[in-house]
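Peer 1: Have a look at this prediction, sequence included:
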Amino acid sequence: MMKFTSFTFIVMFYIGSSFAQTVDFDKAFEESKRIEKEIKRTDFPKRDYSITDFGAIPHQQETPCHEAINQAILDCSLGGGGRVIVPKGVFYTGPITLKSNVNLHLEEEAELKFLTDQHLYFPAVITRWEGVDCYNARPLIYAHGERNIAITGKGTIDGQGSKEAWWPMCGAPRYGWEEGMVAQRNGGRDKLLMYAETSTPIYLRQMTPEDGLRPQLINFYACNTVLIEDVTLLNSPFWVIHPIFCEDVIVRGVNIFNRGPNGDGCDPESCKNVLIENCIFDTGDDCIAIKSGRNMDGRKWNIPSENIIVRNCKMANGHGGVVIGSEISGGYRNLFVEDCQMDSPELDRVIRIKTSTCRGGLIENVYVRNITVGQCKEAVLRINLQYENRELCNRGFTPTVRNVHLKNITCEKSQYGVRIIGLDDDQYVYNVSVEDSHFNNVAKDGNDIQGAKDVLLKNLYINGKLVD
């Protein structure tokens, strides 16, 4: 397993130790530029392999073409790399495994539709599910330990999640679940969480179709030099893009529409050096959610996510626009968000940090600027150290959130401006600032800040009034 080297990144902060100070955002985002230059880019030979040359036939649901696609990918990789082309047409498929030096390229009007028989996605592979290590259903597109890989093109990848397939397995009637159906609520999810709490060896954590733990649409595990560009991603069974233990990842120009349960758009987990830009998110859960493992498993590996840049993205529906947590036990550092637009009555928060005393972990160095929000349902900034207080877990792992800074944020409608729910002791959320920002039509007429210290509100106007 790769271990990441860390560096010290401090651009600030105090005159003395008890007051948050104005941050030099230009200097902070110079660091962002330095990180971006470090991200390795994919590079492929000019060699093409069409999936039709390996027997893939379009428009035939009865003869899925994943064996042909996987053979084309394998031949391409063994031949030194190149592009595997999905041409115009609808191709029904089962699970696809990406290999080193291969760019899976979908031409315009090409579409991969994944079949929904979950038995196609077994035997299980190593992955994480809600931050817990396990062997679970094979993700629809999967890679393990590969380098220099990509998914590109103007085509569409459709997981075919719906109220008739995949989504009922969450166990919620509003997503199609009925009594007697396979679902995670029937014990599979609880079993997996207990495996982690009791430190059960990972090789024994073998999940089955009856456990009902839905697979990700795209899951890259321990890979490096990754590109996902221009494709449209629809209707995932579960999370959409989920890199784990990856380094040098670029997600660019991707259109994600996934209104299903746990429908997160892009969830880098224990990843280093990630750029997410020019993407559109419309999701049933968080648009972008940064993670680093849940509880015992996150602390065991102790691999934070770090150095993530988000810019020029648009967010519609979702529980949060850019989120850290909740599976964040390995910690997180160095987030740069700028020039994004967010707007939906079903977008709950703009910037969200969620953790708990189950998770622990240190979250630090979050810089957000130039965000335009039409409306969100709850708060522009929400920091919550009491997330899911009813969770059964080993507690006593106190999280810390520090150095969170927002500048030039406008929002035309919300319930709160800043909402912070810390612990009884205010020592664990500190050095937070919001400056040069305007929040209008705030229903609660202000902020709700509890359990935090050194919170600076500078030139913040709420409903037209300067906040003292």
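Peer 2: Yep, it's here. A quick note: this is a predicted structure, and the numbers were derived from the prediction, not measured.

Peer 1: list the helices and strands the helix or strand encompassing Lys407 packs on?
Peer 2: Assigned by DSSP states H and E, Lys407 belongs to strand 400-411. Helices and strands touching strand 400-411, by 3 or more Cβ pairs under 8 Å, 6 or more residues apart in numbering; DSSP states H and E, are helix 25-38, strand 349-354, strand 362-373, strand 379-384, strand 429-439. In this view, the C-beta of every residue, glycine as well, is placed from N, C-alpha and C.

Peer 1: Looking at these, which is nearest to Gly253?
Peer 2: Gly253 lies closest to helix 25-38 among those, at 16.1 Å (Cβ to Cβ).

Peer 1: what separates the next helix or strand after the closest one from the chain centre, distance-wise?
Peer 2: Counting by DSSP H and E, the next helix or strand C-terminal to helix 25-38 is strand 48-50. Here strand 48-50 shows a centroid-to-chain-centroid distance of 31 Å under the convention Cα atoms, centre = their mean, to the nearest Å.

Peer 1: just to revisit the earlier point, let's have the helices and strands packed on strand 400-411 in JSON lines, adding mean pLDDT, distance to Cys340 and mean neighbour count.
Peer 2: Formatted as JSON lines, the helices and strands packed on strand 400-411 follow (pLDDT from 0 to 100; distance: least, Cβ to Cβ, whole Å; neighbours: other Cβ atoms under 10 Å):
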{"stretch": "helix 25-38", "mean pLDDT": "97", "distance to Cys340": "14", "mean neighbour count": "15"}
{"stretch": "strand 349-354", "mean pLDDT": "98", "distance to Cys340": "9", "mean neighbour count": "27"}
{"stretch": "strand 362-373", "mean pLDDT": "98", "distance to Cys340": "5", "mean neighbour count": "22"}
{"stretch": "strand 379-384", "mean pLDDT": "98", "distance to Cys340": "12", "mean neighbour count": "26"}
{"stretch": "strand 429-439", "mean pLDDT": "98", "distance to Cys340": "14", "mean neighbour count": "22"}
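
Peer 1: Now these in JSON lines, please, with extra columns for distance to Gln71.
Peer 2: Formatted as JSON lines, these follow (distance: least, Cβ to Cβ, whole Å):
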{"stretch": "helix 25-38", "distance to Gln71": "35"}
{"stretch": "strand 349-354", "distance to Gln71": "43"}
{"stretch": "strand 362-373", "distance to Gln71": "44"}
{"stretch": "strand 379-384", "distance to Gln71": "48"}
{"stretch": "strand 429-439", "distance to Gln71": "53"}
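
Peer 1: Relative to Glu178, which of those is closest?
Peer 2: strand 349-354 (30.8 Å).

Peer 1: Who are the packing partners of that closest one?
Peer 2: So strand 349-354, by 3+ Cβ pairs under 8 Å, 6+ apart, packs with strand 322-325, strand 362-373, strand 379-384, strand 400-411.

Peer 1: Could you provide these in TSV, with additional columns for distance to Trp129?
Peer 2: Below are the helices and strands packed on strand 349-354 laid out as TSV (distance: least, Cβ to Cβ, whole Å):
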stretch	distance to Trp129
strand 322-325	16
strand 362-373	22
strand 379-384	23
strand 400-411	25
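
Peer 1: now for these, which one comes closest to Pro304?
Peer 2: Here strand 362-373 is closest among these (Cβ to Cβ), at 7.9 Å.

Peer 1: Now for Arg41: which residues touch it?
Peer 2: Residues in contact with Arg41, defined by Cβ atoms under 8 Å, 6 or more residues apart in numbering, are 225, 227, 250.

Peer 1: Quick one: mark the members of those that sit in strands.
Peer 2: Those of these mapping onto strands are 225, 227, 250, per DSSP state E.

Peer 1: ok, of those, which come out buried?
Peer 2: Buried subset of these (neighbour count, 16 or more other Cβ atoms under 10 Å): 225, 227, 250.

Peer 1: Low-confidence stretches in this structure?
Peer 2: 1-21 (pLDDT under 70).

Peer 1: Could you list the domains of it?
Peer 2: Using automatic domain parsing, the domain ranges for the chain come out as 1-38+286-468, 44-250.

Peer 1: okay, those domains in CSV with distance to Glu277 next?
Peer 2: Listed next are the domains of the chain as CSV, based on distance: least, Cβ to Cβ, whole Å:
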stretch, distance to Glu277
domain 1-38+286-468, 5
domain 44-250, 8
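
Peer 1: Asp53 belongs to a strand?
Peer 2: No: looking at Asp53 with DSSP: H, G, I helix; E, B strand; the rest coil, it is helix, so not inside a strand.
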